[in-house]
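J.: Take this sequence and fold it.
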Amino acid sequence: MAEGIKARNRRGSIGTQWWSRRFIDLLESFADTGRLSRGRTYARKGHVFDLRVAPHEVTAKVRGSAPEPYEVALGIDAIGEADWRAVEKELASRAVFRARLLAGEMPPEIEWVFAELGLALFPGAASDLHLMCDCPDWGDPCKHAAAVLYLLAEAFDDNPFLILQWNGRSRDELLAALRRGAEAEPDPLDLADEPLTATGFWAPPSGLAHLRERPPAPPVPPGFVLQVAAPPPVRIRRRPLADVLAPVYEALAESGRDPE
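T.: Below is the predicted model:
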């Protein structure tokens, strides 16, 4: 019999990264608490095996009370091709998202991008999950499906791109689209400026591309010392005292007063 997958977290919550915790928090907000608890026990005891993540469906086998393991399938509503192209275009247009995804990281704000486009990255209600199990328990979820959901969260811990794959886009497809978007994005230095008539400010029509055509500044000769010319000295013309007082004496003489 195949060896089962055992949850790494033996106690408390399952899932450590933000994306797996987000998935589990949403799941625990609407699913039956008792069945989820039994599902965690199954996950920790290694009852789940052959877990596979495919576009729009996760499948696994779970050992229960029956001689043969139960077949479990977890489905979500498909994100259409047109919607995925819109998501890829939006992610490619934001340099931070593009860089982090290409580096293998899952930025928390990626969920906002989906929300802005009217899409959901995670199931937010029971109606968003389509759980199937061939066990006799009609619970939603049954403990077998719950066990698979918890181990799926740990798989998300290891590879966040499985979230996108479950939603219909593989890692390779997404990253290829982001690279194409990066290559198609024009270099700002190659764009010509246009007059900003709406605001009243004018920009040179030559464009930023001409900055690249400017010749480099000439090199500074070795030992060159910048010298600033000193201003010329201020020369004060001195006049004899008699010349300065002559008008005064003349005025006194005309008035008949003694200049002494």
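J.: Show me the shaky parts of this protein.
T.: Along the chain, the parts satisfying pLDDT under 70 run over 1-2, 182-260.
J.: what about the helices in it?
T.: 18-30, 33-45, 81-93, 95-102, 110-116, 143-158, 161-166, 171-184, 241-255 (DSSP state H).
J.: out of those, which comes closest to E57?
T.: E57 sits nearest to helix 161-166 of all the helices of the chain, at 7.8 Å, using CB to CB. In short, each C-beta sits where N, CA and C put it, glycine included.
J.: For T33, see how far away the nearest residue to D32 once chain neighbours are set aside is.
T.: In space, not counting the residues next to it along the chain, D32 is nearest to G139; the distance is 6.2 Å by CB to CB, 6 or more residues apart in numbering. Counting by CB to CB, to the nearest Å, the separation of G139 from T33 is 12 Å.
J.: And those two? Which one has more around it.
T.: Neighbours per residue (other CB atoms under 10 Å) separate G139 from T33, with G139 holding more: 17 against 7.
J.: now the helices of the chain in CSV, with distance to Y70?
T.: Output for the helices of the chain, formatted as CSV (distance: least, CB to CB, whole Å):
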stretch, distance to Y70
helix 18-30, 19
helix 33-45, 11
helix 81-93, 32
helix 95-102, 36
helix 110-116, 32
helix 143-158, 5
helix 161-166, 20
helix 171-184, 29
helix 241-255, 121
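J.: quick one, which of these is packed in tightest?
T.: Comparing the helices of the chain by mean neighbour count (mean count of other CB atoms under 10 Å), helix 143-158 ranks first with a mean of 25.
J.: Against which helices or strands is it packed?
T.: With contacts defined as 3 or more CB pairs under 8 Å, 6 or more residues apart in numbering; DSSP states H and E, helix 143-158 has these neighbours: helix 18-30, helix 33-45, strand 48-54, strand 57-62, strand 70-76, strand 129-133, helix 161-166.
J.: So G75 sits against E57, correct?
T.: Yes: in this structure G75 lies within contact range of E57 using CB atoms under 8 Å: 5.0 Å.
J.: Now list whatever residues contact both of those two.
T.: In terms of CB atoms under 8 Å, 6 or more residues apart in numbering, G75 and E57 are not both contacted by any residue.
J.: Specify the stretch among the helices of the chain that is closest to L51.
T.: helix 143-158 (6.0 Å).
J.: Put the alpha carbons of that closest one into PDB.
T.: Provided in PDB are the C-alpha atoms of helix 143-158 (Å, rounded to 0.1, in the frame of the first residue of the first chain):
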ATOM      1  CA  LYS A 143     -13.300  14.300   6.600                       C
ATOM      2  CA  HIS A 144     -11.500  12.800   3.600                       C
ATOM      3  CA  ALA A 145     -11.900  15.900   1.500                       C
ATOM      4  CA  ALA A 146     -11.000  18.000   4.500                       C
ATOM      5  CA  ALA A 147      -7.700  16.100   4.900                       C
ATOM      6  CA  VAL A 148      -6.900  16.700   1.200                       C
ATOM      7  CA  LEU A 149      -7.600  20.400   1.700                       C
ATOM      8  CA  TYR A 150      -5.200  20.700   4.600                       C
ATOM      9  CA  LEU A 151      -2.400  18.900   2.800                       C
ATOM     10  CA  LEU A 152      -3.100  21.000  -0.300                       C
ATOM     11  CA  ALA A 153      -2.300  24.000   1.900                       C
ATOM     12  CA  GLU A 154       1.000  22.500   2.900                       C
ATOM     13  CA  ALA A 155       1.700  21.900  -0.800                       C
ATOM     14  CA  PHE A 156       1.000  25.600  -1.400                       C
ATOM     15  CA  ASP A 157       3.600  26.300   1.300                       C
ATOM     16  CA  ASP A 158       6.200  24.500  -0.800                       C
END
